[in-house]
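Enquirer: Sequence first, then the predicted structure:
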Amino acid sequence: VANEGGKHWTVNEVRALIRIWSDKNIQQQLEGTVRNKKIFEQVAARLQKFGIDRDWKQCRTKYKNLKHEYKSVKSAQDSGSTSKSMKFFNELDAILGHCTMEQASKSDNDESERPPEWTEAKSEKDSLG
């Protein structure tokens, strides 16, 4: 059954999307922004090289859905439940597991970024302890 985003993603298409997503450069771009159309246009262009025809909206929707599913499985596991699982959990854990939930949720909000000097000043003060 086709959903609003077009035809369903195949396992190979999702794998290719995750492979591109695991690129450190793409991750950094995604972490730093909310308006990410241009990034997903890059992702779609890279999928085309694998012969996968997806537009940026489909890529972004799939990315958000995977991220959401990962977070719900992860928090279920953190609370001791093993009943929840998902197909690409290990691949996503390799990408998303390094960033704390705080960082992950920060990129979902349309919050303006703090100037870097604030965070630097804070960490300096912490190290003086």
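Expert: Alright, I've got the coordinates.
Enquirer: Quick one: the helices in this protein, in order.
Expert: 11-21, 24-31, 37-49, 56-78, 89-96, 101-106, 116-128 (DSSP state H).
Enquirer: Throw those helices into CSV and include mean pLDDT, thanks.
Expert: Output for these, formatted as CSV (pLDDT from 0 to 100):
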stretch, mean pLDDT
helix 11-21, 96
helix 24-31, 90
helix 37-49, 96
helix 56-78, 94
helix 89-96, 92
helix 101-106, 43
helix 116-128, 44
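Enquirer: Format those helices as TSV; extra columns: mean neighbour count.
Expert: (Glycine included, C-beta is placed from N, CA and C.) Below are the helices of the chain laid out as TSV (neighbours: other CB atoms under 10 Å):
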stretch	mean neighbour count
helix 11-21	17
helix 24-31	14
helix 37-49	16
helix 56-78	17
helix 89-96	16
helix 101-106	12
helix 116-128	9
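Enquirer: Excluding chain neighbours, what is closest to the residue positioned nearest the centre of the chain?
Expert: Nearest to the centroid of the C-alpha atoms of the chain, with distances taken as CA atoms, centre = their mean, sits residue 67, at 5.4 Å. Spatial nearest neighbour of residue 67, chain neighbours left out: residue 96 (6.9 Å); criterion: CB to CB, 6 or more residues apart in numbering.
Enquirer: next one: stretch 19-31 to chain centre, how far?
Expert: 8 Å (CA atoms, centre = their mean, to the nearest Å).
Enquirer: Only alpha carbons, please: show that stretch as PDB.
Expert: The C-alpha coordinates for stretch 19-31 follow below in PDB (Å, rounded to 0.1, in the frame of the first residue of the first chain):
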ATOM      1  CA  ARG A  19      24.800   4.700   4.600                       C
ATOM      2  CA  ILE A  20      24.600   8.300   3.300                       C
ATOM      3  CA  TRP A  21      23.300   9.400   6.700                       C
ATOM      4  CA  SER A  22      26.200   7.800   8.400                       C
ATOM      5  CA  ASP A  23      28.600  10.200   6.600                       C
ATOM      6  CA  LYS A  24      30.000  12.400   9.300                       C
ATOM      7  CA  ASN A  25      29.600  15.500   7.000                       C
ATOM      8  CA  ILE A  26      25.900  14.800   6.600                       C
ATOM      9  CA  GLN A  27      25.500  14.200  10.300                       C
ATOM     10  CA  GLN A  28      27.100  17.400  11.200                       C
ATOM     11  CA  GLN A  29      24.900  19.400   8.800                       C
ATOM     12  CA  LEU A  30      21.800  17.700  10.100                       C
ATOM     13  CA  GLU A  31      22.700  18.300  13.800                       C
END
